Each structure stands twice: as C-alpha cells, then as structure tokens.
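Enquirer: Turn this into a model:
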Amino acid sequence: MSEFGREHPRNLIPELCNQFYHLGWVTGTGGGISIKDGLKKSQCTPLFMLAYRERNAGAVIHTHSPHAVRCTLLYDKEFVITHQEMIKGIKDATLERYLRYDEKLIVPIIENTPFEKDLAGSLAGALRAYPGTSAVLVRRHGVYVWGDTWQQAKTMTECYDYLFEMAVEMKKLGLDPALNPESEKNGEK
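Expert: Just a heads-up that it's a prediction; the model follows:
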C-alpha cells in the first residue's frame with residue numbers, strides 16, 4: 001500500500017476524527033487519536049506514549065465523551081459494570097482475551113489536572129495498578145482507550161462509550177451496574 005493509501009495515518013486520522021466529532025466525542029478542542037507511525041507532539045503525546053510503552057498499543061484514542069465525563073462524576077476511583085453484552089468488546093491485557101458479558105469490567109478513574117501533560121504520572125500509576133485495563137477515565141475530562149490496532153481501539157472506544165451511557169442510565173433508574181443479577185436472584189449480596 002502506498003504511503004498515501006486510505007489507511008495511512010495522514011488519511012485515516014482525519015476520517016476517524018470526523019466520525020468521532022459526529023458522535024460528540026471530540027468537540028471544540030477536545031479529544032484526539034494517535035496511531036503509532038511517527039507522532040506530532042501535542043498535549044496528549046506523553047499520555048499516548050505511556051500506552052505505547054506500557055501496553056505496546058498500536059493506537060490510542062482520547063475522547064471527551066459526555067457519557068465518560070458523567071461516569072467520572074458518579075464513581076469514585078473505579079468505574080464498574082457487569083452483565084452487559086458490550087463488555088464482550090473489551091480486551092483484557094492480563095487475560096489476553098476479550099471479556100465475557102458476565103465478567104466485571106473495571107476502569108480506573110484518575111483526577112484531572114490543569115494541563116493535560118501533567119496527567120502522565122497518575123496515568124502511569126493507573127496502568128501499573130490495573131494491568132489488564134485498556135482504558136483510563138479522567139475525572140471531568142474524558143477517557144483514554146488503546147488497542148493493538150486502530151480498529152481495535154476504535155471498537156473498544158465504541159463499546160466503552162455504550163457501557164458508560166448504560167451505567168449512567170441504570171443509575172438514574174436506581175439500578176447498580178456492578179450488581180450481578182444472578183447472585184441477586186439467588187438471594188446473594
């Protein structure tokens with residue numbers, strides 16, 4: 001494929017950003033995507049580099065998804081959800097496989113900073129504390145998601161966004177997204 005083929009980052013990144021804009025993930029100055037193929041430095045670069053180094057990611061997506069931001073307001077240190085079909089779209093790096101719908105998905109939440117580059121220390125800490133995670137939420141900011149390829153990162157970002165929205169809606173209805181409905185049926189807590 002030529003350097004200017006459809007999947008070359010120069011062509012692919014604007015196309016993905018256009019899609020992300022229409023999803024509401026990258027509005028104003030918010031959000032970004034990086035594909036390992038040379039990097040133009042931005043505020044996000046140190047954070048993208050952490051995912052490349054620590055997780056051997058092939059691509060990193062950063063969104064300011066309203067669903068992700070709302071989740072950071074509803075959860076303290078971790079976002080937790082289980083028994084949702086879209087969990088099957090999330091790969092766990094420790095298990096080296098995609099999760100089952102009935103497994104618990106846990107995403108760490110780190111505190112925001114005035115300058116995005118200053119998130120690197122807490123992001124690195126979250127990567128060490130949660131070796132299986134493929135995403136980190138940033139309070140009142142958004143989410144970083146990475147995958148082995150840009151396709152995997154995009155798919156997982158879509159799954160995470162769905163799950164963030166589902167958790168917000170469940171909480172509005174008084175439902176606990178982390179509750180195992182099977183154990184509730186059997187009278188377990």
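Enquirer: just the strands in the protein please.
Expert: Along the chain, the segments classed as strands by DSSP state E run 32-35, 59-63, 78-81, 91-92, 97-98, 105-110, 135-138, 142-147.
Enquirer: residues making contact with the fourth one?
Expert: By that I understand strand 91-92. Residues outside strand 91-92 that contact it (CB atoms under 8 Å, 6 or more residues apart in numbering) are 97-99, 132-134, 147-148, 152, 156. Using the backbone N, CA and C atoms, a C-beta is placed for each residue, glycine as well.
Enquirer: wait, T157 sits on T63?
Expert: Yes - look at T157 against T63 with CB atoms under 8 Å: they come within range, at 6.5 Å.
Enquirer: what about those two, which has more around it?
Expert: T157 (30 against 26; other CB atoms under 10 Å).
Enquirer: Who are the contact partners of that one?
Expert: When contacts are counted by CB under 8 Å, 6+ apart, T157 touches 25, 61, 63, 143, 145.
Enquirer: Could you single out the nearest of the contacts of strand 91-92 to E85?
Expert: Nearest to E85 among those, counting by CB to CB, is L99 at 11.0 Å.
Enquirer: That closest one contacts I106, correct?
Expert: No - L99 lies out of contact with I106 (CB under 8 Å); the separation is 10.2 Å.
Enquirer: out of those two, which sits in the busier spot?
Expert: L99 (20 against 16).
Enquirer: Average pLDDT for stretch 139-153, rounded please.
Expert: Averaging pLDDT along stretch 139-153 gives 93.
Enquirer: Tabulate the CA atom coordinates of that stretch in CSV.
Expert: This file holds the C-alpha atoms of stretch 139-153, laid out as CSV (Å, rounded to 0.1, in the frame of the first residue of the first chain):
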residue,chain,number,x,y,z
ARG,A,139,-12.5,13.0,36.1
ARG,A,140,-14.4,15.8,34.5
HIS,A,141,-12.4,15.3,31.3
GLY,A,142,-12.9,12.1,29.3
VAL,A,143,-11.3,8.8,28.6
TYR,A,144,-8.2,7.3,27.0
VAL,A,145,-8.6,4.0,25.2
TRP,A,146,-5.9,1.9,23.5
GLY,A,147,-5.7,-1.2,21.4
ASP,A,148,-3.3,-3.4,19.4
THR,A,149,-4.6,-1.7,16.2
TRP,A,150,-6.6,1.4,15.3
GLN,A,151,-9.6,-0.8,14.5
GLN,A,152,-9.4,-2.5,17.9
ALA,A,153,-9.0,0.9,19.7
